[in-house]
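K.L.:
Sequence below, structure please.
(one chain, ligands or ions: 1)
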Amino acid sequence: MQLPRPILLVEDDVMLRATVVEHLAADGAFATREAGSVAEAEMLLSVEHARFDAILLDVGLPDADGRDFCARLRRGGCRIPIIMLTGSYTEADVVRGLDAGANDYVAKPFRPSELLARVRAQLRVFDNSEDAVFTIGPYQFRPSARLLVEPKRPRKLRLTDKETSILKFMYRAGGRPVSRKVLLNEVWGYSSAVSTHTLETHVYRLRQKIEVDPSNPRLLVMHHGGYSLALGAA
Ligand code: CA
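P.N.:
Numbering: from 1, shown residues only. Presented below is the predicted three-dimensional model:
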């Protein structure tokens with residue numbers, strides 16, 4: 001099981017908010033934080049180490065226009081998917097929302113299942129993009145930069161191509177054990193003549209970098225015939 005992905009929902013309609021939260025929580029894939037205004041959203045975003053994988057943003061908020069807030073977040077360097085929720089649905093509104101940097105636009109009333117599908121679609125695109133960041137134990141993993149950032153220390157760990165590929169595949173496995181053979185094929189390709197010894201060497205070096213005590217690994221854990229990644233470990 002992968003950890004629930006944190007979503008920020010900014011919406012002043014309390015009933016709608018409750019419905020969306022309920023649907024996002026239904027299969028355990030998402031954990032939603034709620035804000036009823038731009039001010040509340042800013043508060044949640046400014047908390048140290050705050051991390052959201054996507055933002056659902058109402059256009060008509062009591063203290064600001066959601067599109068202006070979206071534009072401000074983008075100017076501030078926020079790259080995660082933002083999906084606008086709106087009551088008005090004219091072409092001009094859509095264009096303004098997308099101009100503000102929104103990834104998608106859902107008109108009210110919408111079926112929660114449709115919103116959920118849009119969120120999943122945007123996250124799929126984002127996860128494969130240059131901007132993707134994943135949490136692994138105390139680290140923020142940035143595959144495109146081949147970097148592990150540990151905000152609490154704070155420090156940055158540089159990874160090799162292979163180490164990045166290993167972590168990426170282990171992360172996608174969502175904590176389930178992966179056999180050496182599967183990992184070898186995923187990282188080096190089916191046609192390569194690389195042995196499991198090479199894989200073990202890379203895992204050894206990776207552990208030297210990421211584990212507090214490499215002789216007693218807590219993140220990249222040995223499993224019968226393979227490894228698993230402890231996503232939630234501190
Ligand atoms: Ca509203």
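K.L.:
show me what contacts V119?
P.N.:
Contacts for V119 (CB atoms under 8 Å, 6 or more residues apart in numbering) come out as I7, L24, F30, A54, L56, P81, I83. C-beta coordinates here come from the backbone N, C-alpha and C atoms, glycine included.
K.L.:
let's see it at 6 Å
P.N.:
Shown in contact with V119 (CB atoms under 6 Å, 6 or more residues apart in numbering): A54.
K.L.:
can I assume it sits in a strand?
P.N.:
No: counting by DSSP: H, G, I helix; E, B strand; the rest coil, V119 falls outside a strand, being helix.
K.L.:
This protein against the ion: which residues are in contact?
P.N.:
D12, D58, G60 (CB under 5 Å from the ion).
K.L.:
what bits of this protein have low per-residue confidence?
P.N.:
Residue ranges of the chain with pLDDT under 70: 1-3, 49, 88-89, 232-234.
K.L.:
So which residues of it form helices?
P.N.:
Using DSSP state H, the helices of the chain run over residues 14-25, 38-46, 66-75, 91-99, 112-127, 161-172, 180-188, 196-210.
K.L.:
Check the burial of L115 by counting its neighbours.
P.N.:
The local packing of L115 (other CB atoms under 10 Å) involves 19 other residues.
K.L.:
no, scratch that, I was asking about N216
P.N.:
N216: 8 surrounding residues under other CB under 10 Å.
K.L.:
just the one 5 residues further on next, same as before
P.N.:
For V221, the count of nearby residues is 17 (other CB under 10 Å).
K.L.:
do you know how far it is from F52?
P.N.:
28 Å (CB to CB, to the nearest Å).
K.L.:
do the same with R142
P.N.:
16 Å.
K.L.:
When those two are compared, which one has more neighbours?
P.N.:
Using other CB under 10 Å as the criterion, R142 and F52 rank with F52 on top: 21 against 18.
K.L.:
ok, now how distant is the more buried one from the ion?
P.N.:
20 Å (CB to the ion, to the nearest Å).
K.L.:
Assess the claim that that residue and L8 are in contact.
P.N.:
Yes: at 4.4 Å, F52 counts as touching L8 under the criterion of CB atoms under 6 Å.
K.L.:
Common neighbours of those two, please.
P.N.:
In contact with both F52 and L8: no residue, using CB under 6 Å, 6+ apart.
K.L.:
what is whatever residue of the chain ends up closest to the ion paired to in the beta sheet?
P.N.:
Sorted by distance to the ion under CB to the ion, the residues of the chain start with G60, at 3.8 Å. On the basis of DSSP bridges, G60 is bridged to D65.
K.L.:
ok, it - how many residues close by?
P.N.:
G60 has 16 nearby residues by other CB under 10 Å.
K.L.:
ok, and the closest non-adjacent residue to the spatially most central residue of the chain?
P.N.:
Closest residue to the average C-alpha location of the chain: D53 at 4.2 Å, with CA atoms, centre = their mean. The shortest distance from D53 to any non-neighbouring residue, by CB to CB, 6 or more residues apart in numbering, is to R5 (4.3 Å).
K.L.:
Burial check on that neighbour, number of neighbours?
P.N.:
Number of residues near R5 (other CB under 10 Å) recorded here: 20.
K.L.:
Hmm, it is touching G28, no?
P.N.:
No: under the criterion of CB under 6 Å, R5 is not in contact with G28, lying 10.2 Å apart.
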